[in-house]
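In: Let me see the structure of the following:
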Amino acid sequence: MFKEKNLKIFLLFAVLLWIKTYAAYRIEFNLGIDNKLQEFLLFINPLSSVLVFLGVALFFKGRLQSVLLFVINFLMSFVLYANIVYYRFFSDFITVPVVMSTKSNAGQLGESTLALMSPFDVFYFIDTILLLIFVIKKWYNPSKTVSRKPAAFIIAAGVLTFIINLGLAEIDRPQLLTRSFDRNYLVKYLGTYNFTIYDTIQNAKSASQRALADSNDTTEVENYIKANYAEPDPKYFGKAKGKNVIFISMESFQTFLIDYQLNGQEVTPFLNSLAHDGKTFYFDNIINQTGQGKTSDAEFMMDNSLYPMSQGAVFVNKAQNTLQATPAILKTQGYTSAAFHGNYKTFWNRNEMYRTIGYDKFFDAEYYNMNEEDTKNYGLKDKPFFAESMPLLESLPQPFYTKFITLSNHHPFGMDEGDTDFPVAETDDKVVNQYFQSANYMDQALEQFFNDLKKSGLYDNTVVVMYGDHYGISENHNDAMAEIIGKEVTPFEYARNLQRVPVFIHVPGVEGGVQHQIGGQVDVRPTLLHLLGIDTKDYLEIGSDLLSKNHREVVPFRNGDFVSPEFTQVDDKCYLNETGEEVEGASCAHLSEKAKLELQMSDNIVYKDLLRFYKPEGFVPINRDDYQYIKNEDESSNEIGTEQGADE
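Out: Just a heads-up that it's a prediction; the model follows:
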């Protein structure tokens, strides 16, 4: 039987491990607690793991039970402490790929390990040491017979705690597990122990798909891509050869905002001017193709011309893949690459994914002044972000390929007083009302950045590509959006028109103009590379050049629906674009098959990691070990903020 004394001792050590873990969260990790619910979840999330894992030992009897209890306690304490030490250096949590990549991670950390440790760290093993004494002295002395009821009850309590924990986490952060926002978020909501299990499962699933693939799998994909290759228009091919490139991700920006007036005022006067200046290509029929990875999915498409995953985020789940991204392609042309982001490097796993992509530099929040006045919710506001980025940009060797990720125009779109004097809309929906203010603020920030580029002398030798990363206003706000656009937001209207995101490409000295061809976000990369004079025919990419006379115009959404010049498919229903009326499904059948086949070809590349078997002529593969985004002490730095970003 289970002695009452032993049960009390068991519960004592369970509570000690629980409180120790919570204390580590508060002392060691910067998890960004924003509300009382998050504080509560941070407090209870270690409890479920503690009860379940320690409870396993109770199914055994006698000496074996006490030894197992100590071993499990030690392993959990070790996982916690390993994350503490790793976090002190990388501001990140240990994942399975990190453990497997000991050459690039543990090796670099090795010489610094002692410096990262403190004599006070013994605190994290006090309960383990105390439990060892109890076991050796036999103060914890389980019976040689065992009752499974206490063990079953304790594990059941742990499972129930986890269910409640996960349910509350989903309320505060919907689709937490499927979208895999950020390791900081997973630890904040679920804890280090549950995160470790989750990460192990995700990597096992990914590894199984990859393990079954071989070089023969590339043949079908290669044949498909080459058969659908759109050759560049000689009129534009190479017109930007050797020029710098700046990408700007315009957070949550939808095409309907261009030329939109609220109470007689233009929401985005600067972007409107670019759309109509005749010197900038403005594509007004580009479809948002992101999945659950949102901003990171858009980044992935811009750099790789491949579709994101149908569930989860490539940046999180496939960061170890082999890629042939634009920064790597341009290295052979003498380009330096850099990413700029006013949030922390772990968000969307960027510090790992950028190593795979091959960015030479990653300027994250550690390089910016993250004071309270200049930050809001998701990181640095756009105006100070661009202003503080200019010296960093000017320090880069030319030619450069760079990316700037804006943050201010983000749900729920509220602005601080003084950021903009633009009015709010007057619907019954606060989110929709505020959207116009934050969009106006971003427009001002972009104009400021363009002016700074001109003052620096970079503007006349730089291609600037700006793109809306994903929708800002979801279907939950269709009633208010109907007031804004002046007509009912049907499923067709939402998909065909409100899922459009703008793309601007400014090439110095090249005439542009409004471009009405239908395209997707995967089409931007081949368009840019052809402008730079790099033919994409030998690369395994899905998109087609928007300026090509052979550009294909069947554009899939990530869920398999599509938009074409004549028809749009939404939820397997076929609509005629001209009228918005539903027509016979047969009208869309052939186009639907084309869209699904395109998604399948891309998924084969991503899920099976097929690019490891394929090397275009002249391409130099990226070695992830060559890239580590660790800020050097001698680099100039601003005050580092303490707030972590939210979902992008």
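In: C-alpha only now, for contacts and for neighbours.
Out: OK.
In: And Leu591, how far from Met76?
Out: Distance of Leu591 to Met76, given as C-alpha to C-alpha, to the nearest Å: 53 Å.
In: now swap in His516 and tell me
Out: Here His516 is placed at a distance of 58 Å from Met76 (C-alpha to C-alpha).
In: what's the answer for Val563, then?
Out: For Val563 relative to Met76 (C-alpha to C-alpha), the value is 50 Å.
In: okay, those two: which has more neighbours?
Out: The residue with more neighbours, out of Val563 and Met76, is Val563; 30 against 21, by other C-alpha atoms under 10 Å.
In: where in the stretch 301-450 of the chain is pLDDT low?
Out: 377 (pLDDT under 70).
In: Repeat that for the stretch 51-200 of the chain.
Out: For the stretch 51-200 of the chain (pLDDT under 70), the answer is 89-91, 97-98, 100-113, 115, 146, 178-182.
In: now the strands for it?
Out: In the stretch 51-200 of the chain, no strands are found when defined by DSSP state E, counting those that start in this stretch.
In: doesn't Phe362 fall inside a strand?
Out: Yes: in this structure, Phe362 lies within a strand as judged by DSSP: H, G, I helix; E, B strand; the rest coil.
In: need the contact list for it.
Out: By C-alpha atoms under 8 Å, 6 or more residues apart in numbering, the contact list for Phe362 reads Ala338, Ala339, Phe340, His341, Lys345, Asn351, Tyr354, Tyr629.
In: switch the cut-off to 7 Å
Out: By C-alpha atoms under 7 Å, 6 or more residues apart in numbering, the contact set of Phe362 is Ala338, Ala339, Phe340, Tyr629.
In: Also Pro491?
Out: Neighbouring residues of Pro491 by C-alpha under 7 Å, 6+ apart: Val570.
In: ditto for the one 10 residues further on
Out: Taking C-alpha under 7 Å, 6+ apart as the criterion, Val501 is in contact with Phe253, Gln254, Thr255, Ile286, Ile287, Asn288, Tyr467, Gly468, His470.
In: which one of those residues sits closest to Ala57?
Out: His470 (48.4 Å; C-alpha to C-alpha).
In: Pull the contacting residues for the closest one.
Out: Going by C-alpha under 7 Å, 6+ apart, the list of residues near His470 reads Ser252, Phe253, Asn288, Thr290, Lys294, Thr295, Val501.
In: Val85 too?
Out: Leu116, Met117.
In: Asn45 now?
Out: Asn45 neighbours (C-alpha under 7 Å, 6+ apart): Asn165, Tyr189, Leu190, Gly191.
In: now, which of these sits nearest Glu417?
Out: For the contacts of Asn45, the nearest to Glu417 is Tyr189 (31.3 Å; C-alpha to C-alpha).
In: For the closest one, grab the count of nearby residues.
Out: Counted with other C-alpha under 10 Å, Tyr189 comes out at 30.
In: Please apply the same query to Gly585.
Out: 14.
In: tell me the contacts of it?
Out: Applying C-alpha under 7 Å, 6+ apart to Gly585 gives the contacts Lys573, Cys574.
In: Pick the one among the contacts of His470 closest to Asp199.
Out: Lys294 (20.3 Å).
In: pretty sure Phe281 belongs to a strand, no?
Out: Yes: membership of Phe281 in a strand is supported by three-state DSSP.
In: neighbours around the nearest residue to it once chain neighbours are set aside, how many?
Out: Spatially, and ignoring its direct neighbours in sequence, Phe281 is nearest to Gly512 (4.2 Å; C-alpha to C-alpha, 6 or more residues apart in numbering). Neighbour count for Gly512, taken as other C-alpha under 10 Å: 21.
In: Could you check the pLDDT of Gly512?
Out: We note a pLDDT of 96 for Gly512 in this prediction.
In: So it sits against Phe283, correct?
Out: No: contact between Gly512 and Phe283 fails when scored by C-alpha atoms under 7 Å: they sit 9.9 Å apart.
In: Quick one, grab the pLDDT at the closest residue in space to Tyr471 that isn't next to it in sequence.
Out: In space, and not counting its chain neighbours, Tyr471 is closest to Ser252: 5.1 Å by C-alpha to C-alpha, 6+ apart. Note for Ser252: predicted pLDDT of 95.
In: So Ser252: helix, strand or coil?
Out: Ser252 - assigned by three-state DSSP - is coil.
In: Okay, it and Ala595: tell me how far apart.
Out: From Ser252 across to Ala595, the span is 25 Å (C-alpha to C-alpha).
In: Of those two, which one has the most company?
Out: Per other C-alpha under 10 Å, whichever of Ser252 and Ala595 has more neighbours is Ser252, with 25 against 21.
In: what sits against that one?
Out: The contact partners of Ser252, by C-alpha under 7 Å, 6+ apart, come to Asn409, His410, Gly468, Asp469, His470, Tyr471, Gly472.
In: Let's have these in JSON lines, adding secondary structure.
Out: Below are these laid out as JSON lines (three-state DSSP):
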{"residue": "Asn409", "secondary structure": "coil"}
{"residue": "His410", "secondary structure": "coil"}
{"residue": "Gly468", "secondary structure": "strand"}
{"residue": "Asp469", "secondary structure": "coil"}
{"residue": "His470", "secondary structure": "coil"}
{"residue": "Tyr471", "secondary structure": "coil"}
{"residue": "Gly472", "secondary structure": "coil"}
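In: top of those residues by neighbour count?
Out: Of those, Asp469 is surrounded by the most neighbours, 31 neighbours in total, counting by other C-alpha under 10 Å.
In: can you pull the contacts of that residue?
Out: Neighbour list for Asp469: Ser249, Met250, Glu251, Ser252, Phe253, Thr295, Ala298 [criterion: C-alpha under 7 Å, 6+ apart].
In: My read is that Thr290 contacts Arg558, right?
Out: Yes: here Thr290 reaches Arg558: they are 6.4 Å apart, a contact under C-alpha under 7 Å.
In: just the contacts of Val501 now: which is nearest Leu80?
Out: Lowest distance from Leu80 to the contacts of Val501 (C-alpha to C-alpha) belongs to His470, with 36.4 Å.
In: And for stretch 296-305, what's in contact with it?
Out: With C-alpha under 7 Å, 6+ apart as the test, stretch 296-305 has contacts from 290-291, 307-308, 313, 315, 324-326, 348, 469, 521-525, 541-543.
In: whoops, stretch 545-559 was the one
Out: For stretch 545-559, contacts defined as C-alpha under 7 Å, 6+ apart pick out 230-233, 289-291, 310, 518-520, 523, 526-527, 544, 562-565, 591, 595.
In: that older thread, looking at Thr290 and Arg558, which is more packed in?
Out: Thr290 (28 against 20).
In: Assign the closest residue in space to the more buried one that isn't next to it in sequence to helix, strand or coil.
Out: Distance criterion C-alpha to C-alpha, 6+ apart; nearest residue to Thr290, sequence neighbours excluded, is Asp297 at 5.4 Å. Look at Asp297: counting by three-state DSSP, its state is helix.
In: Asp297: neighbour count?
Out: Residues contacting Asp297 under the criterion other C-alpha under 10 Å number 25.
In: What score does it have for pLDDT?
Out: With respect to pLDDT, Asp297 scores 94.
In: For the spatially closest residue to Ile155 that is not a sequence neighbour, list the residues it contacts.
Out: Leaving aside its sequence neighbours, Ile155 sits nearest to Val52 (C-alpha to C-alpha, 6+ apart; 4.6 Å). Contacts for Val52 (C-alpha under 7 Å, 6+ apart) come out as Ile155, Gly158, Val159.
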